[in-house]
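S.K.: Sequence first, then the predicted structure:
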Amino acid sequence: MAVTFTAGVEKIFHPDQRIGFLAQAQILAKKTPTLQKTLDSANAAGDVTAIDAAQKALHANRTLRFNNVLDAGVAGIFLALVIAIILLSLREWFLLLSRRKPAVLHETEPVWLPDYAVVEGGRKFSGAAGAAALALALAKEWSGESHLERAQQCECSRVCENADVSRSHIHGHSKAAQQVYVEATEQRFNGVRRCC
């Protein structure tokens, strides 16, 4: 709680513009008249490149100022929500410790699968064989082989969706395995799913 509140208050109200949202917003607000004068002088001169540059600088300044004020507001809302949670928790703790409210603890009873249901599933992950199977599945996931298999299945299901098309026609329009591999690898390392 101490770390969260210290960081939150400093992030909102710190006077250093590199830390505080409101300090950065104030500095950007002070730059706005200068940028507006630059735009006005460029308009008076009729220089198209200067007008374009001044408009971009003024727009960027306004956007950054709005973003800093918005960030300060969101951080303030989060701090207010944390305060509400702490106050409600303090009230509950006081009621429980003063015995004004009974301490009733209960959880839903677990429902265990019967042994025959696990065996009927065809896989019983116990012992060394189960650990090896799980380790193999994890290694397959980490290596990216599972991602490639999912991409191949997606391509196959995309091609096979149209039941009216003959098999020879489907094979002619489906992606080659190499193309699916290249796309899956690019998606894995350039997309959101990358691990590093």
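M.R.: All right, it came through fine. Numbers count the residues shown, from 1 in each chain.
S.K.: Could you tell me the per-residue confidence at residue 124?
M.R.: Confidence at residue 124, expressed as pLDDT, is 54.
S.K.: which residues of this protein fall in helices?
M.R.: Using DSSP state H, the helices of the chain run over 2-13, 21-45, 48-97, 115-120, 127-143, 145-160, 167-173, 177-190.
S.K.: Kindly report the domain assignment for the protein.
M.R.: Per automatic domain parsing, the structural domains of the chain span 2-97, 138-196.
S.K.: and these, which one is worst for confidence?
M.R.: Lowest mean pLDDT of those: domain 138-196, a mean of 71.
S.K.: Of all the domains of the chain, which one comes closest to residue 128?
M.R.: domain 138-196 (15.4 Å; CB to CB). Glycine gets a C-beta too; all of them are placed from N, C-alpha and C.
S.K.: which one of the domains of the chain lies closest to residue 114?
M.R.: The nearest among the domains of the chain, by CB to CB, is domain 138-196 at 27.8 Å.
S.K.: Can you get me a residue count around the closest residue to residue 141 other than its chain neighbours?
M.R.: Distances taken as CB to CB, 6 or more residues apart in numbering place residue 147 nearest to residue 141, at 7.9 Å, with adjacent residues excluded. By the measure other CB atoms under 10 Å, the count of residues near residue 147 is 16.
S.K.: Quick check: the gap between residue 147 and residue 160.
M.R.: Using CB to CB, to the nearest Å, residue 147 is found at 20 Å from residue 160.
S.K.: sorry, back to before: with distance to residue 109 added, can I get the helices of the chain in CSV?
M.R.: Converted to CSV, these look like this (distance: least, CB to CB, whole Å):
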stretch, distance to residue 109
helix 2-13, 36
helix 21-45, 49
helix 48-97, 24
helix 115-120, 18
helix 127-143, 26
helix 145-160, 35
helix 167-173, 52
helix 177-190, 42
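S.K.: I figured the residue nearest to residue 141 hits residue 184, correct?
M.R.: Yes - with contact defined as CB atoms under 8 Å, residue 147 and residue 184 form a contacting pair (5.9 Å).
S.K.: quick one: the residue nearest to residue 141 and residue 30, what's the gap?
M.R.: Distance of residue 147 to residue 30, given as CB to CB: 50 Å.
S.K.: what do you get for residue 104?
M.R.: 58 Å.
S.K.: Looking at those two, which has the bigger crowd around it?
M.R.: Neighbour tally, residue 104 and residue 30, criterion other CB under 10 Å: the higher count belongs to residue 30, 9 against 5.
S.K.: Would you list the phi and psi of residue 19?
M.R.: phi -110, psi -50 (degrees, to the nearest 10).
S.K.: Residue 110 too?
M.R.: Dihedral angles for residue 110 - degrees, to the nearest 10 - are phi -70, psi 150.
S.K.: Pull the number of nearby residues for it.
M.R.: Quick note: residue 110 (other CB under 10 Å) scores 5 neighbours.
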